[in-house]
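Undergrad: build the 3D model from these lines:
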Amino acid sequence: MKPNIYVIGVDYGSDSVRSVLVNAENGEEIASSVFNYPRWQKGLFCDPSINQFRQHPLDYMEGLEYTIKTCLQKAGGQVAADAVKAIAVDTTGSTPVAVNETGTPLALLPEFQDNPHAMFVLWKDHTGIKEAAQINEHASKYDINYLDYCGGIYSSEWFWAKLLRTLRTDEKVRAACYSWVEHCDWIPFLLTGGTDAKEMKRSRCAAGHKALWAEEFDGLPPNDFFTALDPLLDGYTSRLFKETYTSDVPAGFLSQEWADKLGLSTSVVVGVGAFDAHMGAVGGQIEPYHLSKVMGTSTCDILVTPMADMDGKLIKGICGQVNGSVIPGMMGLEAGQSAFGDTYAWLKNILAWPLKNLLLQSAVIDEATANALQEEMLDKIIPELSKQAALLPKNNDDELGIDWFNGRRTPDANQELKGALSNLDLGTDAPRLFRALAEATCFGAKNIVDRFISEGIPVEGIIGIGGVAKKSPYIMQMMADVLNMPIRIHQFEHTCALGAAMFAAVVGGVYPTVEAAMIGMGRGFDAEYHPVAENVTYYAARFPHYKALGNYIEQHPNHS
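TA: Take a look at the predicted model:
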């Protein structure tokens with residue numbers, strides 16, 4: 001009997017890491033495992049009031065070991081382990097960290113173990129807003145526009161704004177920081193036993209979309225561009241990278257240390273990492289001109305085009321256009337919304353306040369019963385709101401929302417913007433508020449689609465990926481109606497991890513190309529939403545009001 005060939009895809013999300021063990025020949029999921037970051041769950045090192053969100057590398061390391069070992073145990077232990085050919089990893093981004101010369105994150109050193117500035121700066125950390133604004137103003141002084149290939153606007157969610165803010169904020173971290181490393185670059189470096197930061201293979205995806213790397217510039221902007229911005233950045237370009245790698249390239253082999261930890265062989269190939277949405281687009285079987293929307297706490301929207309179709313085109317206000325960032329040999333374009341599922345979670349947390357703060361004060365029930373009841377009720381809030389919102393009549397003066405609860409990612413990044421609700425009256429209840437927020441997030445998605453189209457990039461359909469896409473038929477139908485185009489929902493539960501597994505199958509030599517891996521391992525779609533004509537008309541009439549309210553908020557930021 002022919003032996004199985006397995007690959008492992010590891011997907012680092014905002015709240016947890018999940019690994020999937022996949023049959024490389026047909027894409028079948030053999031086992032999966034999810035690990036919630038324990039320090040993150042406790043809110044350690046974070047301060048939402050100042051948009052500070054940090055994650056400890058130990059959360060990543062513990063989750064990596066736990067999820068892979070659990071997958072192997074579920075699949076039969078050593079027999080499954082012996083069949084593993086390769087591992088590939090995706091992460092959130094830009095989520096960088098300060099490292100020393102050995103490539104070790106400073107938070108793993110005793111003197112920095114509790115210092116947030118020595119930890120990974122999560123994608124949604126916006127503490128570098130001032131630095132991003134300074135980068136944008138600084139870039140305008142140069143004959144060469146180094147922002148051309150990242151949409152023309154630099155964001156506080158990205159690499160250089162976070163580095164500069166960290167260097168300015170913490171003198172001890174500044175003194176110990178040798179280089180600045182993306183999460184998706186560090187995990188393969190860790191797995192392969194890397195000991196020299198200069199030898200780390202840097203992701204084309206991360207470097208091009210977030211760090212101002214461009215083929216057209218032959219790498220990063222020059223050192224004098226950064227030293228003129230702030231002398232603290234002097235020398236970093238020489239300690240970062242010139243060459244970058246697409247994710248069909250091996251980073252190396254599994255080190256003896258990690259082979260022993262995981263119960264795998266040192267013959268296992270580890271691929272160059274990338275961002276979650278980019279590998280998720282591959283897992284979701286992206287096609288040219290079909291927008292892949294990874295819908296979770298935020299959205300990350302990915303579109304690919306043949307290189308010839310992008311000749312001379314610079315798409316304004318998106319998160320970059322990079323050759324090979326998704327599929328090698330094709331242009332990858334990224335956009336997204338800074339808050340999507342987080343917007344619904346915000347309302348859920350408000351509605352759940354009595355449950356979380358008053359239930360335990362009740363003399364009627366004990367603590368264990370109260371906790372169980374709280375958990376049960378929390379799980380029901382969004383599904384029940386969706387059910388009730390779907391029953392509401394549609395009127396032109398319905399409540400209206402703006403989805404910038406964590407700023408605006410695209411089009412035209414501005415992380416200082418705030419969300420809003422309008423047209424409220426005494427008849428406004430929880431389902432109506434939820435409907436307004438859901439509509440706002442769908443209108444935010446339409447803004448992105450409209451930008452691509454206005455810039456000469458057609459959008460022929462939508463591929464839905466992620467938790468919201470899988471679990472929220474109400475929101476997906478609304479999105480199909482708002483966008484007036486069909487949405488296909490990929491059937492694989494952990495699509496980003498599946499995409500990572502596809503890249504693992506390529507670096508492991510099972511498939512010659514990413515396209516071949518998508519054909520061989522693609523699992524297809526299990527739902528499709530089509531626009532409903534009367535709803536299309538309703539939302540088309542309301543969209544200008546969303547635009548007008550958004551324009552007012554942007555012009556009067558202190559009134560939102």
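
Undergrad: please, where are all the strands along the stretch 51-200 of the chain?
TA: Ranges of strands in the stretch 51-200 of the chain, per DSSP state E, counting those that start in this stretch, are 54-55, 84-91, 96-99, 120-121, 179-182.

Undergrad: and those strands as CSV, adding mean neighbour count, mean pLDDT and distance to Tyr539?
TA: (Each C-beta comes from the backbone N, C-alpha and C, glycine too.) As requested, those are exported to CSV (neighbours: other CB atoms under 10 Å; pLDDT from 0 to 100; distance: least, CB to CB, whole Å):
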stretch, mean neighbour count, mean pLDDT, distance to Tyr539
strand 54-55, 25, 98, 37
strand 84-91, 29, 98, 33
strand 96-99, 28, 98, 38
strand 120-121, 28, 98, 37
strand 179-182, 24, 98, 38
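
Undergrad: among these, which is nearest Arg523?
TA: Proximity to Arg523 (CB to CB) singles out strand 84-91 among these, at 17.0 Å.

Undergrad: Leu72 against Ser33, yeah?
TA: No - using CB atoms under 8 Å, Leu72 makes no contact with Ser33, being 9.3 Å away.

Undergrad: that's a strand at Gly464, yeah?
TA: Yes - the assignment for Gly464 by DSSP: H, G, I helix; E, B strand; the rest coil puts it in a strand.

Undergrad: can you tell me, leaving aside adjacent residues, what's nearest to it?
TA: Once flanking residues are discounted, Gly464 sits nearest to Ile489: 4.5 Å by CB to CB, 6 or more residues apart in numbering.

Undergrad: pretty sure the one you found is in a helix, no?
TA: No - assigned with three-state DSSP, Ile489 falls outside any helix and is strand.

Undergrad: isn't it right up against Lys471?
TA: No - with contact defined as CB under 8 Å, Ile489 and Lys471 do not form a contacting pair (10.1 Å).

Undergrad: ok, those two, which is more surrounded?
TA: Taking other CB atoms under 10 Å, Ile489 and Lys471 do not tie; Ile489 has more neighbours (21 against 15).

Undergrad: got the contact list for that one?
TA: Gly464, Ile465, Ala469, Lys470, Met476, Phe525, Asp526, Ala527, Glu528, Tyr529 (CB atoms under 8 Å, 6 or more residues apart in numbering).

Undergrad: just Ala259 next, same as before
TA: By CB under 8 Å, 6+ apart, the contact list for Ala259 reads Ser265, Thr266, Val268.

Undergrad: out of these, which are buried?
TA: Buried by 16 or more other CB atoms under 10 Å: Val268, out of the contacts of Ala259.

Undergrad: okay if I get the contacts of Ala259 as TSV plus secondary structure, distance to Pro458 and pLDDT?
TA: Converted to TSV, the contacts of Ala259 look like this (DSSP: H, G, I helix; E, B strand; the rest coil; distance: CB to CB, whole Å; pLDDT from 0 to 100):
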residue	secondary structure	distance to Pro458	pLDDT
Ser265	coil	46	97
Thr266	coil	47	98
Val268	coil	41	98
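
Undergrad: just name the closest of the contacts of Ala259 to Gln55, please.
TA: Nearest to Gln55 among the contacts of Ala259, counting by CB to CB, is Val268 at 25.7 Å.

Undergrad: so the closest one makes contact with Ile87?
TA: Yes - using CB under 8 Å, Val268 is in contact with Ile87, at 6.1 Å.

Undergrad: identify the contacts common to those two.
TA: Listed contacts common to Val268 and Ile87 are Leu254; contacts here mean CB under 8 Å, 6+ apart.

Undergrad: check contacts around the residue nearest in space to the middle of the chain.
TA: Geometric centre of the chain, nearest residue: Thr92, 4.4 Å, by CA atoms, centre = their mean. Applying CB under 8 Å, 6+ apart to Thr92 gives the contacts Tyr12, Gly13, Ser14, Leu122, Trp123, His183, Phe275, Asp276.

Undergrad: what about the fifth one, neighbour count?
TA: By other CB under 10 Å, the residues close to Trp123 number 28.

Undergrad: ditto for the first one
TA: Other residues within reach of Tyr12, judged by other CB under 10 Å, total 31.

Undergrad: low-confidence bits of the stretch 351-500 of the chain, can you list those?
TA: 360, 362-365 (pLDDT under 70).

Undergrad: strands of that one, residue ranges please.
TA: Assigned by DSSP E, counting those that start in this stretch, the stretch 351-500 of the chain shows strands spanning 400-402, 420-422, 461-465, 487-490.

Undergrad: what about the third one, distance to the chain center?
TA: So that's strand 461-465. On the basis of CA atoms, centre = their mean, to the nearest Å, strand 461-465 sits 16 Å off its chain's mean C-alpha point.

Undergrad: contacts for it, please.
TA: Applying CB under 8 Å, 6+ apart, the external contacts of strand 461-465 come out as 280-281, 283-287, 289-295, 476, 479-480, 483, 485-490, 495-496, 525.

Undergrad: one step back: Leu72 and Ser33: which has the busier surroundings?
TA: Leu72 (27 against 20).

Undergrad: contacts for stretch 209-221 next, please.
TA: Stretch 209-221 is contacted from outside by 93-94, 144, 146-150, 154, 157-160, 182, 204, 207-208, 237, 240-244, 275, 319-320, 322-323, 325, 332, 334, using CB under 8 Å, 6+ apart.

Undergrad: how distant is it from the center of its chain?
TA: For stretch 209-221, the distance to the chain centre is 21 Å (CA atoms, centre = their mean).

Undergrad: which parts of it are buried?
TA: Here stretch 209-221 shows His209, Lys210, Ala211, Leu212, Trp213, Ala214, Gly219, Leu220, Pro221 as buried, counting by 16+ other CB under 10 Å.

Undergrad: next one: stretch 426-436
TA: Neighbour-count burial for stretch 426-436 [16+ other CB under 10 Å]: Ala430, Pro431, Arg432, Leu433, Phe434, Arg435, Ala436.

Undergrad: likewise for stretch 145-153?
TA: For stretch 145-153, the neighbour count (16+ other CB under 10 Å) marks Tyr146, Leu147, Asp148, Tyr149, Cys150, Gly151, Gly152, Ile153 as buried.

Undergrad: swap in stretch 319-338?
TA: In terms of neighbour count (16+ other CB under 10 Å), stretch 319-338 has its buried residues at 319-328, 330-338.

Undergrad: now do stretch 44-58
TA: Neighbour counts using 16+ other CB under 10 Å place Leu44, Phe45, Cys46, Asn51, Gln52, Phe53, Arg54, Gln55, His56, Pro57, Leu58 of stretch 44-58 among the buried residues.

Undergrad: contact partners for the residue lying closest to the fourth one once chain neighbours are set aside?
TA: It stands for Asn51. Sequence neighbours aside, His126 is the residue nearest to Asn51 in space, at 3.8 Å (criterion: CB to CB, 6+ apart). His126 makes contacts with Asn51, Ser156, Glu157, Asn406, Gly407, Gln415, as judged by CB under 8 Å, 6+ apart.

Undergrad: counting neighbours, which of these comes out on top?
TA: Using other CB under 10 Å as the neighbour test, the contacts of His126 are led by Glu157, with 29 neighbours.

Undergrad: residues contacting that one?
TA: By CB under 8 Å, 6+ apart, the contact list for Glu157 reads Ser94, Trp123, Lys124, Asp125, His126, Lys210, Ser338, Arg409, Ala413, Gln415.

Undergrad: cutoff 10 Å now
TA: Residues counted as contacts of Glu157 (CB atoms under 10 Å, 6 or more residues apart in numbering) are 93-95, 121-126, 128-129, 132, 210, 298, 319, 336, 338, 406-407, 409, 413, 415.

Undergrad: and for Glu28?
TA: In this structure, Glu28 makes contact with Asn4, Tyr6, Leu21, Val22, Met521, Arg523, judged by CB under 10 Å, 6+ apart.

Undergrad: ok, now with 8 Å
TA: Glu28 makes contacts with Val22, as judged by CB under 8 Å, 6+ apart.
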